[in-house]
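Visitor: give me the fold of what follows.
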Amino acid sequence: RAQLRAFVSQNQAFEKLAYVDELYRQLYVGEIDEEQLGDYLILGYIAGTGDKYASYMNAEQFEEYIQSSASGMVGVGIHVVNNTEYDAIEVVSVMPDSPALEAGVQPGDLIYKIGEESVAELGYETAVNRMVGEEGTVAEFSVRRGEAYEESIDFKIERKKVESTTVTYRMFDDSIGIIRILEFASNTNESVKEAVEALRSEGAQKLIFDVRYNPGGELTGIVKTLDYLLPEGPII
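Guide: Have a look, this model is predicted:
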């Protein structure tokens, strides 16, 4: 019965969508961009589910994402997620040797304004795209910081090519090594292997993997990393 109700509800939704589509194709005075329409249909579906962790990228956006995660990016050097509670871009980590680190951007900062436009008005994807630009140009944005986000700070940071370092490591004491995974890229598993081997050579008997503020990343990078660390068996 539950499956039947879901089927009926799904058909009603598609019939309604088809009716709206027919009206637009008959009466709309502008031109419909079919590719853009398809992208927004998927974005609307995801938004309608209420799943705040899901996102969608078209082919061009996905290619840019793969390139940036594999070989670095031009920007200020931050990892971010969508903070829906405050309609802001939340900084989850700052890349080593990045313009953002030098300027004083901190994990937990909420970017609420890009230039003179608010992130809430721009929308998350558009606002994030505004942060990226050509090398040598300046990113202007404002963040809120503090326990109640009462402090407002303005930044003007020159964009540079930032290498996508996803793993850092250090010894905590004579026997414990700490490996921090900033995000998962296609080559993260190789970096984790190098970190483990280096720490073992320094005498580490125990390892701590720090994934605080890690926003996730490329699925294959996550699976390969876990395949290296976990006993044999299914991962997903």
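Visitor: quick check: which element contains residue 11?
Guide: Assigned by DSSP states H and E, residue 11 falls within helix 2-27.
Visitor: quick check: next helix or strand after that helix?
Guide: That would be, after helix 2-27 and using DSSP H and E, helix 34-49.
Visitor: send the alpha carbons of that following helix over as PDB?
Guide: Extracted in PDB, the C-alpha atoms of helix 34-49 (Å, rounded to 0.1, in the frame of the first residue of the first chain):
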ATOM      1  CA  GLU A  34      16.500  23.600 -21.900                       C
ATOM      2  CA  GLU A  35      19.800  22.900 -20.200                       C
ATOM      3  CA  GLN A  36      19.300  25.500 -17.500                       C
ATOM      4  CA  LEU A  37      15.700  24.300 -17.000                       C
ATOM      5  CA  GLY A  38      16.900  20.700 -16.500                       C
ATOM      6  CA  ASP A  39      19.500  21.800 -14.000                       C
ATOM      7  CA  TYR A  40      16.900  23.800 -12.000                       C
ATOM      8  CA  LEU A  41      14.400  21.000 -12.100                       C
ATOM      9  CA  ILE A  42      16.900  18.800 -10.300                       C
ATOM     10  CA  LEU A  43      17.900  21.500  -7.900                       C
ATOM     11  CA  GLY A  44      14.200  22.100  -7.100                       C
ATOM     12  CA  TYR A  45      13.600  18.400  -6.500                       C
ATOM     13  CA  ILE A  46      16.500  18.300  -4.000                       C
ATOM     14  CA  ALA A  47      15.300  21.400  -2.300                       C
ATOM     15  CA  GLY A  48      11.800  19.900  -2.100                       C
ATOM     16  CA  THR A  49      13.000  16.800  -0.200                       C
END
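Visitor: how about it: buried residues?
Guide: Residues of helix 34-49 classed as buried: 39, 43 (neighbour count, 16 or more other Cβ atoms under 10 Å). In short, each C-beta sits where N, CA and C put it, glycine included.
Visitor: what's it in contact with?
Guide: With Cβ atoms under 8 Å, 6 or more residues apart in numbering as the test, helix 34-49 has contacts from 17, 54-56, 58.
Visitor: residue 151: which of these is nearest?
Guide: residue 55 (29.2 Å; Cβ to Cβ).
Visitor: quick one: secondary structure of the closest one?
Guide: coil (DSSP: H, G, I helix; E, B strand; the rest coil).
Visitor: quick one: contacts for it?
Guide: Taking Cβ under 8 Å, 6+ apart, one finds 46, 82 in contact with residue 55.
Visitor: quickly note the distance from it to residue 215.
Guide: 11 Å (Cβ to Cβ, to the nearest Å).
Visitor: swap in residue 46?
Guide: 17 Å.
Visitor: kindly report the same for residue 20.
Guide: From residue 20 to residue 215 the distance is 35 Å (Cβ to Cβ).
Visitor: kindly export stretch 57-66 (C-alpha atoms) in CSV.
Guide: Output of stretch 57-66 as CSV, limited to C-alpha atoms (Å, rounded to 0.1, in the frame of the first residue of the first chain):
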residue,chain,number,x,y,z
MET,A,57,26.4,19.7,-10.2
ASN,A,58,26.0,19.8,-14.0
ALA,A,59,28.8,18.4,-16.2
GLU,A,60,30.7,21.7,-16.4
GLN,A,61,30.6,22.3,-12.6
PHE,A,62,31.6,18.7,-11.9
GLU,A,63,34.6,19.0,-14.2
GLU,A,64,35.7,22.1,-12.4
TYR,A,65,35.3,20.3,-9.1
ILE,A,66,37.4,17.3,-10.2
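Visitor: quick one: distance of it to the chain centre.
Guide: 12 Å (Cα atoms, centre = their mean, to the nearest Å).
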